[in-house]
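> Give the three-dimensional model of this entry:
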Amino acid sequence: MATILLVEDDVKLHQLIHDALVEQSFTLISAHTGNDASERFDASVDLVVLDLMLPGKSGYMLLKEFKTSNTPVIILSAKSLEDDKLLGFELGADDYMTKPFSMKELIARVHVLLKRNYPEKPVIKGPFTWHPLKQQFYYDETLLELSPMEYKLLSVFFQSPNQVFTREQLLNLVWGYDYYGDLRTVDTHIKRLRQKLPGFDGIKTVRGQGYLCEVAM
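Numbering: from 1, shown residues only. Predicted coordinates for the structure are as follows:
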């Protein structure tokens with residue numbers, strides 16, 4: 001899944017955006033100041049969500065830096081004047097949203113920009129075909145109807161085939177480190193995932209350790 005650099009100094013807003021994008025299975029890199037953002041930006045970043053008014057380097061300075069690599073950038077700003085928006089676009093911004101904004105709209109715009117800039121190539125392993133940007137799995141050319149957590153669970157297995165994961169690891173990778181649910185949640189979702197893959201017996205229970213998924217590379 002795509003990696004997003006989130007640059008926002010408002011701690012509460014930053015956390016809200018972070019959680020919403022992680023829920024979409026994106027990998028997030030966080031920065032709260034302009035200087036942090038400059039240091040954390042590298043070739044792994046697929047898209048930047050950028051506030052303009054930041055401590056240290058301004059959002060406009062960062063925008064110039066990020067666009068040298070043609071990385072798509074969505075500006076989030078309280079600056080709503082037309083001149084502010086025009087300056088952002090002149091410096092290379094791909095999109096501009098004014099605060100307050102709809103989180104659902106932000107997510108939609110992130111997906112649009114990623115699809116526009118990185119035409120998707122499906123990943124095929126064994127009987128599975130994965131479309132990361134569409135967040136879809138096909139099994140033997142049949143689209144799987146998965147819940148968000150089932151999708152994330154299968155994504156973890158798919159990206160690390162034949163690797164044993166403990167229940168604790170799966171709980172952290174799929175539900176997050178701040179999730180306080182029971183480990184039986186993992187078992188329940190494994191059972192549901194198996195039920196949706198009646199012709200596939202590759203999701204194995206490793207006694208005393210956890211689970212693995214056997215998928216041909």
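> quick one, domains of the chain?
3-117, 148-213 (automatic domain parsing).
> Give me the average confidence score over the longest one.
If I follow you right, that is domain 3-117. In this model, domain 3-117 has a mean pLDDT of 91.
> That one spans what distance, first to last residue?
One end of domain 3-117 sits 13 Å from the other (C-alpha to C-alpha, to the nearest Å).
> chain center to that domain: distance?
Distance of domain 3-117 from the chain centroid (C-alpha atoms, centre = their mean, to the nearest Å) equals 14 Å.
> Also the shortest one?
Averaging C-alpha positions (C-alpha atoms, centre = their mean) puts domain 148-213 18 Å from its chain's average.
> That domain - what's its average pLDDT?
89.
> Next, the distance between the ends of it.
Domain 148-213: ends 19 Å apart by C-alpha to C-alpha.
> swap in stretch 59-73?
11 Å.
> Contact partners for residue 152?
25, 173, 174 (C-beta atoms under 8 Å, 6 or more residues apart in numbering). For glycine as for every other residue, the C-beta is placed from the backbone atoms N, C-alpha and C.
> can you do 6 Å?
Residue 152 makes contacts with 25, 174, as judged by C-beta atoms under 6 Å, 6 or more residues apart in numbering.
> Roughly how far does it sit from residue 44?
Residue 152 sits 20 Å away from residue 44, going by C-beta to C-beta, to the nearest Å.
> So for residue 140, which of the domains of the chain sits nearest?
domain 148-213 (7.1 Å; C-beta to C-beta).
> looking at this, residue 109 is in a helix?
Yes - assessed by DSSP: H, G, I helix; E, B strand; the rest coil, residue 109 belongs to a helix.
> How about it: what's its closest non-neighbour residue?
residue 95 (5.4 Å; C-beta to C-beta, 6 or more residues apart in numbering).
> Enumerate the beta-bridge partners assigned to the one you found.
residue 74 (DSSP bridges).
> Near it, how many other residues are there?
Neighbour count of residue 95, defined by other C-beta atoms under 10 Å: 18.
> now do residue 75
26.
> What residues does it make contact with?
Contacts of residue 75 (C-beta under 6 Å, 6+ apart): 50, 88, 93, 96.
> By neighbours, which of those residues wins?
residue 50 (26 neighbours).
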